[in-house]
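Chemist: can you look at this prediction? I've put the sequence above it.
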Amino acid sequence: DVTLTHLEELRVEPEGSSEGYSREKFPHWSTAEGTCNTREIVLRRDGENVQTDSACRATSGTWRSPYDDGVWTQASDVDIDHMVPLAEAWRSGADSWSTSRREDFANDLTSSQLWAVTDNVNQSKGDKDPAEWLPPRTDFRCMYARSWTDVKHRYGLTVDDAEKSALTELVNRHC
């Protein structure tokens with residue numbers, strides 16, 4: 001299983017400090033396609049029957065949050081979650097990255113980093129790792145562990161002991 005292999009390859013280190021962290025150090029919702037920014041592209045990608053205005057903003061559609069199975073018809077009720085939160089990435093090695101690499105991370109449409117989810121569920125997650133927070137929908141926990149591991153592995157970010165134990169347990173129990 002590729003997830004277990006990648007999990008084994010993750011470097012275990014104590015979580016770093018949040019000193020110096022700011023969301024602004026991860027330029028996000030950058031223009032990605034025409035006039036559309038990353039948020040707008042994820043809303044279009046993850047929604048059904050999404051209609052947009054001339055500025056690429058979603059004006060209607062339906063979104064189902066994989067974290068809690070919530071269904072939303074207003075884009076304002078949907079957050080685009082960074083699977084590995086920006087602050088978590090900072091404490092796991094992104095503090096030494098260039099701004100350009102942090103921007104790539106915050107706007108990555110090619111990995112499992114960005115998800116359209118229920119806004120208040122995303123806010124409850126905050127910058128917690130899987131040892132501290134899990135999606136309420138248990139049948140999504142395998143995908144959550146796979147996605148988290150993929151992003152950490154892809155970007156060479158570290159995990160702490162509790163995080164690695166939680167991920168291993170999630171994969172063994174839910175996948």
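Modeler: That came in fine, so what should we check first?

Chemist: gap between residue 10 and residue 164?
Modeler: To residue 164, residue 10 is 7 Å away according to C-beta to C-beta, to the nearest Å. (Glycine included, C-beta is placed from N, CA and C.)

Chemist: what do you get for residue 73?
Modeler: 39 Å.

Chemist: looking at those two, which is more packed in?
Modeler: More crowded of residue 73 and residue 164, by other C-beta atoms under 10 Å: residue 164, with 21 against 12.

Chemist: pull the CA atoms of the helix or strand hosting that one into PDB?
Modeler: Taking DSSP states H and E as the definition, one finds residue 164 inside helix 161-174. Only the C-alpha atoms of helix 161-174 are listed here, as PDB (Å, rounded to 0.1, in the frame of the first residue of the first chain):
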ATOM      1  CA  ASP A 161       5.300  11.000  17.000                       C
ATOM      2  CA  ALA A 162       1.600  11.500  17.900                       C
ATOM      3  CA  GLU A 163       0.700  12.500  14.300                       C
ATOM      4  CA  LYS A 164       2.500   9.400  12.900                       C
ATOM      5  CA  SER A 165       0.800   7.100  15.400                       C
ATOM      6  CA  ALA A 166      -2.600   8.600  14.600                       C
ATOM      7  CA  LEU A 167      -2.100   8.300  10.900                       C
ATOM      8  CA  THR A 168      -0.900   4.700  11.200                       C
ATOM      9  CA  GLU A 169      -3.900   3.800  13.300                       C
ATOM     10  CA  LEU A 170      -6.300   5.500  10.800                       C
ATOM     11  CA  VAL A 171      -4.800   3.600   7.900                       C
ATOM     12  CA  ASN A 172      -4.900   0.300   9.700                       C
ATOM     13  CA  ARG A 173      -8.400   0.800  11.100                       C
ATOM     14  CA  HIS A 174     -10.200   2.600   8.200                       C
END
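
Chemist: what comes up buried for that helix?
Modeler: Buried residues in helix 161-174, defined by neighbour count with 16 or more other C-beta atoms under 10 Å: 163, 164, 166, 167, 168, 170, 171, 174.

Chemist: and the helices in this structure?
Modeler: Under the criterion DSSP state H, helices of the chain are mapped to 2-9, 38-46, 86-91, 99-106, 119-125, 141-154, 161-174.

Chemist: wait, which of these is closest to residue 59?
Modeler: Taking C-beta to C-beta, helix 38-46 is the member of those nearest to residue 59, at 10.5 Å.

Chemist: any regions of this structure where pLDDT drops low?
Modeler: Nowhere does the chain drop to pLDDT under 70.
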